[in-house]
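In: pasting a predicted model and its sequence here:
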Amino acid sequence: MPTKYAIVIPDGAADEPQESLGGKTPLQAARTPEMDRIAREGVLGRSRNVPDKFIPASDVATLSLFGYDPLVYYTGRAPLEAAAMGHALGADDWAIRCNLMTIRDGLLSDFTAGHITSEEGQVLMEALQAKLGRPGVEFFPGVSYRNLLIVRGQGKPAPFDETTLTTPPHDQPDRPAADFLPRGTGSELLQELMREGTALVRDHPVNQARLAAGKAPANAIWLWGQGKAPALPKFADLHGLKGAILSAVDLVRGVGVLAGWNRIDVPGATGYLDTDYAAKGRSGIEALKDHDLVCVHVEAPDEASHEGRCDAKVEALERIDHDIVGPLRRALEGYGDWRILISPDHATLLRTRAHDRDWVAWAMAGTGLKSSGHPYDEVSARAAGGPSFERGFELMKSFLGST
């Protein structure tokens, strides 16, 4: 029987020691017997998934985790999300992330607009398309606050280029919005759409209802993460394995789709702290039956860090351990040869509420791997002296036993 592989990505799990946790990191403080078992019985190491030239974020880091060199294949965040949403990009087309968000007193207050529902978001995106959409400018609804703008080239000079600079709003919490507006080629178009779009959504009945209910309004749009369509070699062609991706986040799903993995949507998966962890575990086990490699991504630790909620981050890690890692490991053991990898994509720091490019700890266990004897956390990974991958994309070959 061919070897079965599983990857679990606790997004943004890596962090710093916290005073509220007695000087421990969330991974150290959380009760994670399953992750600890994998680290103790297998290999514990570290990787750096975001090269220096890139802003630390899940787009670049996920490419690395899936074995693709971002320096070769990365073209921008939004094109990955477009792939997940099924929107094809022509050679001259650009995809741009369109956040529905809250700006208060001129500050980037909440990049999620209070985790606006997908249903509310769809109404607002349809209003944007009806008012601002035109040939070559198209708005598309996504999941919650994560939506999409596509600017078509239409045979004209490129609307954007490498000088076009935009800012992820989640990396600048509570800072002045005016300091982070788009700059460079095409910035006039982006700023115009942001001004007009903000005026439209601010006064929309959806927001009036949210305000009346005491919820954060989606009173602004924020455009960022622009890029053209990437061309990834198929994972099956590189490694001879059939893969599946389980994630509630279009960005991560998009990398999997471009790699040729099957997208499996899990009922109850929200991309937030209220996600159905157990359903993800069950779906991952089911996917193992007809896939060689299954990847389960969970956004909750990242969201907890963005909100500065240490207790929520610890709880999310414990739920991932109990409801996903444990069941997957037990299922894998029934297949003969198997391996499991646990790794964040990047660090997300509670102190800054933003992503960080620091090294992350990973652990893998299974057939042919020796015991490290250490629990799973950042401090132990540094002390263990295990394998370290400065170029994070090289971890995949090691996991698959190719190196």
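Out: Yep, that arrived.
In: low-confidence ranges, the protein, go.
Out: Applying pLDDT under 70 to the chain flags residues 402-403.
In: now do the domain split for it, please.
Out: Domain assignment of the chain by automatic domain parsing yields the ranges 4-74+232-399, 84-227.
In: just these: most buried one?
Out: domain 4-74+232-399 (a mean of 21; mean count of other Cβ atoms under 10 Å). Placement of C-beta: from N, CA and C, glycine included.
In: pull the distance from it to the chain's centre.
Out: 11 Å (Cα atoms, centre = their mean, to the nearest Å).
In: same deal with stretch 142-155?
Out: Distance, centroid of stretch 142-155 to centroid of chain: 18 Å (Cα atoms, centre = their mean).
In: that one: end-to-end distance?
Out: 27 Å (Cα to Cα, to the nearest Å).
In: likewise for stretch 223-240?
Out: 38 Å.
In: over to stretch 210-217?
Out: 6 Å.
In: mind listing the helices for the stretch 151-300 of the chain?
Out: 187-202, 205-212, 235-239, 250-258, 277-288, 300-306 (DSSP state H, counting those that start in this stretch).
In: looks like Val123 contacts Val206 (just checking).
Out: Yes. Counting by Cβ atoms under 8 Å, Val123 touches Val206, with 5.4 Å between them.
In: distance to Gly334 for the helices of the stretch 151-300 of the chain - can I get that in JSON lines?
Out: Conversion of the helices of the stretch 151-300 of the chain to JSON lines gives the following (distance: least, Cβ to Cβ, whole Å):
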{"stretch": "helix 187-202", "distance to Gly334": "50"}
{"stretch": "helix 205-212", "distance to Gly334": "47"}
{"stretch": "helix 235-239", "distance to Gly334": "23"}
{"stretch": "helix 250-258", "distance to Gly334": "24"}
{"stretch": "helix 277-288", "distance to Gly334": "9"}
{"stretch": "helix 300-306", "distance to Gly334": "28"}
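In: closest one to Gly12 among the ones you listed?
Out: Evaluated over those, closeness to Gly12 peaks at helix 300-306, with 3.1 Å, by Cβ to Cβ.
In: so Arg77 touches Pro230, yeah?
Out: No. Between Arg77 and Pro230 there is no contact under Cβ under 8 Å: 10.7 Å.
In: mind checking which of those two has more residues around it?
Out: Arg77 (25 against 19; other Cβ atoms under 10 Å).
In: nearest residue to that one other than its sequence neighbours?
Out: Among residues not flanking Arg77 along the chain, Gly225 sits closest, at 3.5 Å (Cβ to Cβ, 6 or more residues apart in numbering).
In: ok, the one you found - contacts?
Out: The neighbours of Gly225, taking Cβ atoms under 8 Å, 6 or more residues apart in numbering as the test, are 59, 76-78, 81, 96-97, 166, 168.
In: of those residues, which belong to helices?
Out: In helices, judged by DSSP state H, the following of the contacts of Gly225 are found: 59, 77-78, 81.
In: redo the residues you listed as JSON lines? Include distance to Met364.
Out: Converted to JSON lines, these look like this (distance: Cβ to Cβ, whole Å):
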{"residue": "Asp59", "distance to Met364": "23"}
{"residue": "Arg77", "distance to Met364": "27"}
{"residue": "Ala78", "distance to Met364": "31"}
{"residue": "Glu81", "distance to Met364": "28"}
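In: which of those residues sits closest to Leu200?
Out: The closest of these, once distances to Leu200 are taken by Cβ to Cβ, is Ala78, at 20.5 Å.
In: thinking again about what came up before, so which of the helices of the stretch 151-300 of the chain is nearest Leu148?
Out: helix 250-258 (8.2 Å).
In: give me the contacts around that closest one.
Out: 9, 11, 58-59, 62-63, 66, 68, 77, 79-85, 142-143, 146, 230, 232, 243-245, 247, 263, 295, 297.
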